[in-house]
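In: Sequence first, predicted coordinates after that:
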Amino acid sequence: MRTGFQISSLVPSGLVFDGVSDSMDSLILSVRSEAAEARCPLCATASSRIHSRYVRHVADLPSAGRKVRLRLLTRRFTCEVPHCRRRIFAERFGEDIVPLRRRRTARLEYIVHHLGLALGGRPAASFAKRLMLPVSNDTLLRVVRRRTAMPTDPLLVVGIDDWAFRRNHRYGTIVCDLERRRIVTLLPDRETATVRAWLSKHPAINIVSRDRGGGYGEAAAKALPNAIQVADRWHLMENASAAFLDAVRRSMNRIRTAIGATTINPELLTYAEKLRYQGYLRRQDSHAAIAALVSDGVPFKEIVRRTGHSRNLVRQISRGGGTDMFRTRQSTLDGHLPFLGAQWSGGCRNGAELWRRLKGQGFMGSLRVVAEWATRRRRAETISHQQLQKVPAARTIAQLMTTKRDHLTRAETVTLAVIEQNVPMLADAQALIGRFHAMIRKKAEMELEPWIEESKRSLIASFANGIANDKGAVHAAITQPWSNGQVEAQITKLKLVKRQMYGRAKLDLLQARLIGAP
């Protein structure tokens, strides 16, 4: 069947097909330029005087599962301009046909470049072999580096954040153009001087979005004093939640007293709980000794030398912190608790029957887990105030206090009512944190100043002082539409590319793959 296919259709535009020869695994096409003259690369004068000819071998896109190579007849011309230093020059075929000093056509180079961007070195070389593209992993990386084009668009709104070369050891800085949603550059560290030097080279920037860390804010203030700094809204809300959790931890002694868990009856504990209780008593003895030394004015360094405990623990005890008696852990039942609660309210109180019904919902856990939950639920409904009451962990209490009451069980609601009644300052701190979250969500900038003044007299005074010191950036976070959300997304992409390269690539290749990616 005739298809009308012609070998000449494989030749890139701008070249003339002369003939074809067939080897074992490839097609060799003889081609030449269709132009009658060429321009000198120095003086740009056209010349039609041919000096000599030579042959270039250039790889092209494969066809029908076979490699294609071009046998490119190249002419040398004589420049006839007397004052030109270039007497003899080879003709150029154009960057869109066969780039200068390349062994691949422009269209093959484009495919090689995007393979390197997407997969890196070795994976891209393996895939290129299956595509019948004659290219090695080193060549792929050279093409990626060579074809990197740094953005030249004027920068007006940027987002800055740090990312980890190696977590807790070495960090870099990523800068993104928030208007065009693309990475601008990667800096080798997160030092203030480095960021300040880069920002100073871009004086047109008028908005800088950053996290709550002081380093980037200081660099932006010194390099771009007239630029508006915008604190990231997610970090603001996360810092507020962390401040409330710290307030709960500092109030745990009063919470234990309020709930009535200062005395423990060991006969009511399970074996595992007895072990944790004994460890808690040992910790309490050492904490009491540290607190006594702190109250006597002994320096931290001396307390560390005498007790053998870490400086971090000594500092924590000096600030009123401590360890919880019983720490709660995540359970495989957490995602199925609404279904279990509904079944329990419907009258099903048998652990085995609850487990069978839960299996129908996709639960993969054992019968023992469900049976223990049913036992705890049954005991919780009959427990009296004179019996043992376990104080939840500080993180659990903070989570319960910030959860809507209609999502809590009866026991959790009673526990929170006791805490709010006996530790009113903690309830006030929870209300202030709720107001702060609502202020960020609703963008109510008029409430910021009153909130700061009221919070400075509460358990979250340290957080409020930080907000006051960074009030301009916080106010801009409420009023401006920009945030570091897309910067965090670019960091996720950066981590993917970095791990593809197994941490062996330099910063320039990582930047080339990120900036050059479509």
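Out: Ah, there it is.
In: low-confidence ranges in the stretch 151-300 of the chain?
Out: 260-274 (pLDDT under 70).
In: The stretch 301-450 of the chain too?
Out: When residues are selected by pLDDT under 70, those of the stretch 301-450 of the chain lie in 319-331, 379-390, 406, 410-411.
In: Let me see the ranges of the helices in it.
Out: 311-318, 337-345, 351-359, 367-382, 394-401, 410-422, 424-442, 448-455 (DSSP state H, counting those that start in this stretch).
In: Which stretch among those is buried most, on average?
Out: Neighbour counts (mean count of other Cβ atoms under 10 Å) averaged over each of the helices of the stretch 301-450 of the chain peak at helix 394-401, with a mean of 19. In this view, the C-beta of every residue, glycine as well, is placed from N, C-alpha and C.
In: For it, what is the distance to the chain centroid?
Out: A distance of 27 Å separates the centroid of the chain from that of helix 394-401, by Cα atoms, centre = their mean, to the nearest Å.
In: Then stretch 118-127?
Out: Distance, centroid of stretch 118-127 to centroid of chain: 24 Å (Cα atoms, centre = their mean).
In: among the helices of the stretch 301-450 of the chain, which is nearest Arg71?
Out: helix 424-442 (67.1 Å; Cβ to Cβ).
In: Touching that closest one from outside, list them.
Out: Applying Cβ atoms under 8 Å, 6 or more residues apart in numbering, the contact partners of helix 424-442 are 233, 236-237, 240-241, 243-244, 247-248, 251, 254-255, 401-402, 419-420, 444-445, 447-448, 451, 454-455, 458-460, 477-478.
In: In PyMOL, how would I select just the buried ones from those residues?
Out: Burial among the contacts of helix 424-442 is assessed by 16 or more other Cβ atoms under 10 Å; the matching PyMOL selection reads:
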select buried, resi 233+236+240+241+243+244+247+248+251+255+401+419+420+448+451+455+458+459+460+477+478
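In: Distance to Gly279 added to the helices of the stretch 301-450 of the chain, as JSON lines?
Out: Below are the helices of the stretch 301-450 of the chain laid out as JSON lines (distance: least, Cβ to Cβ, whole Å):
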{"stretch": "helix 311-318", "distance to Gly279": "15"}
{"stretch": "helix 337-345", "distance to Gly279": "28"}
{"stretch": "helix 351-359", "distance to Gly279": "30"}
{"stretch": "helix 367-382", "distance to Gly279": "22"}
{"stretch": "helix 394-401", "distance to Gly279": "17"}
{"stretch": "helix 410-422", "distance to Gly279": "24"}
{"stretch": "helix 424-442", "distance to Gly279": "26"}
{"stretch": "helix 448-455", "distance to Gly279": "36"}
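In: Which one of those helices lies nearest to Asp22?
Out: helix 351-359 (65.5 Å).
In: Quick one: work out the angle between that closest one and helix 367-382.
Out: 120 degrees (axes from the mean of the first three to the mean of the last three Cα atoms, to 10 degrees).
In: And helix 351-359, how far out from the chain middle?
Out: Per Cα atoms, centre = their mean, the centroid offset for helix 351-359 relative to its chain is 40 Å.
In: Please name the residues that touch Ile28.
Out: With Cβ under 8 Å, 6+ apart, Ile28 has these contacts: Val20, Ser21, Asp22, Arg69, Leu70, Arg71.
In: Quickly find the element holding the second one.
Out: In other words, Ser21. strand 15-22 (DSSP states H and E).
In: Summarise which helices and strands that strand is packed against.
Out: Packing partners of strand 15-22 (3 or more Cβ pairs under 8 Å, 6 or more residues apart in numbering; DSSP states H and E): strand 26-33, strand 66-78.
In: average pLDDT across the shortest one?
Out: Read it as strand 26-33. On average, the pLDDT along strand 26-33 is 89.
In: Offset the numbering so it begins at 36, please.
Out: Sounds good: first residue 36 from here, last item strand 61-68.
In: and that strand, which strands flank it?
Out: With DSSP bridges as the test, strand 61-68 is paired with strand 50-57 (antiparallel), strand 101-113 (parallel).
In: returning to that earlier point: for the strand holding Ser56, report the contacting residues that lie outside it.
Out: With Cβ under 8 Å, 6+ apart as the contact definition, strand 50-57 has outside contacts at 42-43, 46, 62-69, 105-108, 128, 132.
In: Put the buried members of those residues into a ChimeraX selection.
Out: In ChimeraX, this line selects whichever of those come out buried by 16+ other Cβ under 10 Å:
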select :46,62,64,65,66,67,68,105,106,107,108,128,132
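In: coming back round to it: please identify which of the helices of the stretch 336-485 of the chain is closest to Lys257.
Out: helix 483-490 (25.2 Å).
In: I'd like the next helix or strand past that closest one.
Out: Downstream of helix 483-490, the next assigned helix or strand under DSSP H and E is helix 496-504.
In: Give me the contact list for that following helix.
Out: Identification of contacts with helix 496-504 by Cβ under 8 Å, 6+ apart yields Arg247, Asn274, Ala275, Ala278, Leu483, Trp486, Ile487, Ser490, Lys491, Ser493, Val509.
In: Determine which two of these are furthest apart.
Out: The span of these, defined through Cβ to Cβ, is set by Arg247 and Ser493 at 19.5 Å.
In: pretty sure Val193 is in a helix, no?
Out: No: Val193 is assigned strand when assessed by DSSP: H, G, I helix; E, B strand; the rest coil, not a helix.
In: I'd say it and Ile209 touch.
Out: No: the criterion here is Cβ atoms under 8 Å, and Val193 misses it with Ile209 at 10.2 Å.
In: Which one's more surrounded, the two?
Out: The neighbour comparison of Val193 against Ile209 (other Cβ atoms under 10 Å) goes to Val193, with 26 against 22.
In: show me what contacts the more buried one?
Out: The contact partners of Val193, taken as Cβ under 8 Å, 6+ apart, are Val210, Cys211, Asp212, Leu213, Val219, His237, Ile240, Ile242, Val243, Ser244.
In: between those residues, which has the most around it?
Out: Ser244 leads the contacts of Val193 on contacts (other Cβ under 10 Å) with 29 neighbours.
In: What count of nearby residues applies to Gly400?
Out: By other Cβ under 10 Å, neighbour count at Gly400 equals 15.
In: Name the nearest residue to it, sequence neighbours excluded.
Out: Thr367 (4.5 Å; Cβ to Cβ, 6 or more residues apart in numbering).
In: State the number of residues packed around that neighbour.
Out: If we define neighbours as other Cβ under 10 Å, then Thr367 has 12 of them.
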